[in-house]
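J.: Have a look at this prediction, sequence included:
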Amino acid sequence: MYKTAATAGPDPLSAIFSALADPTRRAILDRLSNGVHSVTELAAPFQMSQPAISKHLKVLEKAGLVVRSKDAQWRPRSINAQPLKEATDYLARYEQLWEERLDRLEGYLKEIQKEK
């Protein structure tokens with residue numbers, strides 16, 4: 001069984017955002033969004049060793065963003081999008097806050113322009 005953000009620990013959002021903070025891990029997720037890949041396939045475009053890619057994959061797995069399955073000797077990885085939805089839902093609350101603030105600023109600027 002794999003961990004999802006809901007079972008990743010006491011603060012799953014921190015694990016998700018920490019995993020997403022690294023550009024290599026984001027690039028790995030981008031590649032996995034196109035389908036299942038082996039570690040060798042995931043390592044191909046990077047200038048780093050396969051063990052280094054494996055460390056990045058472990059961080060992504062711990063955050064629940066990547067799922068490892070077993071197919072004979074092949075250990076394919078795939079993306080688990082549910083934690084990304086949880087992070088998006090969290091950020092959406094702040095998007096609404098900023099939209100409201102920008103609307104208020106726009107109203108204020110219109111008032112100032114009318115006064116001039």
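T.: Yep, that arrived.
J.: which residues does the residue most central in space within the chain contact?
T.: Nearest residue to the geometric centre of the chain (CA atoms, centre = their mean): L20, 4.4 Å. L20 makes contact with R26, L29, L65, A87, according to CB atoms under 8 Å, 6 or more residues apart in numbering. Any C-beta I mention is one placed from the backbone N, CA and C, and that applies to glycine too.
J.: what comes up buried for whatever helix or strand the last one lives in?
T.: Assigning secondary structure by DSSP states H and E places A87 in helix 82-115. Residues of helix 82-115 classed as buried by neighbour count (16 or more other CB atoms under 10 Å): P83, L84, E86, A87.
J.: which of these sit farthest apart?
T.: Greatest spatial distance in the buried residues of helix 82-115: L84 and E86, 7.3 Å, computed using CB to CB.
J.: any common contacting residues for the two?
T.: I16.
J.: tell me the phi and psi of G35?
T.: In terms of degrees, to the nearest 10, the main-chain angles of G35 are phi 140, psi -180.
J.: Please report how far it lies from E41.
T.: Distance, G35 to E41, using CB to CB, to the nearest Å: 10 Å.
J.: related to what we said a few turns ago, of the contacts of L20, which is the nearest to E95?
T.: For the contacts of L20, the nearest to E95 is A87 (12.3 Å; CB to CB).
J.: Can you read off the pLDDT for the closest one?
T.: Looking at A87, its pLDDT reads 94.
J.: Where does the prediction get shaky in the chain?
T.: 1-10, 72-73 (pLDDT under 70).
J.: still on that earlier bit, and the helix holding A87, how far out from the chain's middle?
T.: 22 Å (CA atoms, centre = their mean, to the nearest Å).
J.: Over to stretch 42-54?
T.: Distance, centroid of stretch 42-54 to centroid of chain: 19 Å (CA atoms, centre = their mean).
J.: That stretch: end-to-end distance?
T.: Taking CA to CA, to the nearest Å, stretch 42-54 runs 9 Å from one end to the other.
J.: Please identify the buried residues of that stretch?
T.: L42, A43, I53.
J.: What values do phi and psi take at R77?
T.: phi -110, psi 150.
J.: right, I mislabeled it, should have said A44
T.: Dihedral angles for A44 - degrees, to the nearest 10 - are phi -50, psi -50.
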